[in-house]
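A.B. asks: What would the 3D arrangement of this be:
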Amino acid sequence: MSEFSQSYHLLSSKEKAVELINLAGEQGFVFEDNNQWTTFVILGDEFRPSDSIVESNKELLVHYVYAEDHGWSLSIFKQSTLIFKFDCSWDETNIEDFDFDEEELIEMFGDGEVSAPSDEIFDLDVIRILVEEAGNDPSDLEVLFTKDPEVIFAMESSCAYQIAEKLGILNYAWISADSIDMDDVLYKNVIKV
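C.D. replies: Just a heads-up that it's a prediction; the model follows:
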């Protein structure tokens, strides 16, 4: 079975994460914090940041997605402002494989030309500062944000895992709202919101 992880990581306490979920009008699960990041998941997520979570956010927030056979993404928000975004895909999935509505397709393709999303932001200094604040070495960040399949598959551990670890995020692997019922040990101390 391939891993599909999707989680949020709030640079604040679990109480603030519970408050954020409630303020956004969402339902989800909050993990114990690690004195830096608090991990949470929300029900009904679709592998992109929830508008209601982002709009309600008052802290620094990371949205992390790792789909083992497909790719990974990392978005960072300061309050509701996107300050970093990276997407990497290594499969050959066709756009027809997804259930996009007409408005989403127009936004992506416009007049038939493929275009990068307008919110694409890649500022490695944002990551470097967070890695240093977590007490980790930022020297190899450039290689971890590669989109070269040969480099990606030659690594012992996935780029997504290594970035999460460098940021000081503890709960990232095999984490999603859909997997809550599948692993009672991992989820025994979560708070349902």
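A.B. asks: Spatially nearest residue to residue 145, not counting backbone neighbours?
C.D. replies: Once flanking residues are discounted, residue 145 sits nearest to residue 86: 5.8 Å by CB to CB, 6 or more residues apart in numbering. Where you see a C-beta, it was placed from the backbone N, CA and C, and this is true even at glycine.
A.B. asks: So which elements touch the helix or strand where the one you found lies?
C.D. replies: Using DSSP states H and E, residue 86 maps to strand 81-89. Identification of packing neighbours for strand 81-89 by 3 or more CB pairs under 8 Å, 6 or more residues apart in numbering; DSSP states H and E yields strand 71-78, helix 124-133.
A.B. asks: pLDDT score for the residue nearest the centre of the chain?
C.D. replies: By CA atoms, centre = their mean, the chain has its centre lying nearest to residue 64, at 1.3 Å. With respect to pLDDT, residue 64 scores 95.
A.B. asks: again with residue 107
C.D. replies: Residue 107 is given a pLDDT of 52.
A.B. asks: same thing with the one 3 residues further on?
C.D. replies: In this model, residue 110 is scored at 45, pLDDT.
A.B. asks: same deal with residue 118?
C.D. replies: pLDDT for residue 118: 44.
A.B. asks: which stretches of the protein aren't confidently modelled?
C.D. replies: Along the chain, the model assigns pLDDT under 70 to residues 1, 91-120, 181-186.
A.B. asks: What segments of it are helices?
C.D. replies: Taking DSSP state H as the criterion, the chain contains helices spanning 14-23, 51-56, 102-109, 124-133, 141-144, 149-154, 159-167.
A.B. asks: out of those, nearest to residue 30?
C.D. replies: helix 14-23 (4.7 Å; CB to CB).
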